[in-house]
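In: Task: produce atomic coordinates for the following.
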Amino acid sequence: MFQASGAAAAGKRSRMSKWDDKSAASSTTDWGKKWRAVVKAVLPKDGNGGVTCSDPEVQKLCLAMWRDLSSWAAEECRQHLMLFQADEQGRVEHDKQDGH
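Out: Predicted coordinates for the structure are as follows:
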């Protein structure tokens, strides 16, 4: 029979989430600080107002963030993203099975 010990036996989590770790809050990256400042500059400051997605400044912000993220991903995640690439040979075989 399995018996839990330590924190698990006491009904406590043995490991905290990074969101619960207060020391992690101060470890915001330079990239995150940069984008936080940009978002704060574009979105309303009072929290009561809203901005539509058709707002030109919001669209510029989204485009700039997308370009930044996609250029990073293209370099840093190239090998991982290849999982989502179609294999032409496999595609042809699959099409033949479906009768297309």
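In: Can you show me the helices along this protein?
Out: Along the chain, counting by DSSP state H, helices occupy 6-9, 30-42, 56-76, 78-81, 88-98.
In: okay, these in CSV with mean neighbour count next?
Out: (Each C-beta comes from the backbone N, C-alpha and C, glycine too.) Formatted as CSV, the helices of the chain follow (neighbours: other Cβ atoms under 10 Å):
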stretch, mean neighbour count
helix 6-9, 10
helix 30-42, 11
helix 56-76, 11
helix 78-81, 9
helix 88-98, 9
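In: Format the ones you listed as TSV; extra columns: distance to residue 20 and mean pLDDT.
Out: Formatted as TSV, those follow (distance: least, Cβ to Cβ, whole Å; pLDDT from 0 to 100):
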stretch	distance to residue 20	mean pLDDT
helix 6-9	14	54
helix 30-42	18	91
helix 56-76	26	92
helix 78-81	28	81
helix 88-98	43	55
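In: Using TSV, lay out the ones you listed together with distance to residue 49.
Out: Listed next are the helices of the chain as TSV, based on distance: least, Cβ to Cβ, whole Å:
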stretch	distance to residue 49
helix 6-9	45
helix 30-42	12
helix 56-76	13
helix 78-81	37
helix 88-98	48
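In: Which among those is found nearest to residue 50?
Out: helix 56-76 (10.2 Å; Cβ to Cβ).
In: Just want the angle from the closest one to helix 30-42.
Out: Put simply, helix 56-76 runs at 170 degrees to helix 30-42, going by axes from the mean of the first three to the mean of the last three Cα atoms, to 10 degrees.
In: which residues touch helix 56-76?
Out: Helix 56-76 is contacted from outside by 35, 38-39, 42-43, 51-53, 81, using Cβ atoms under 8 Å, 6 or more residues apart in numbering.
In: let's see it at 10 Å
Out: Residues from elsewhere that reach helix 56-76 (Cβ atoms under 10 Å, 6 or more residues apart in numbering): 31, 34-35, 38-39, 41-43, 51-53, 55, 80-81.
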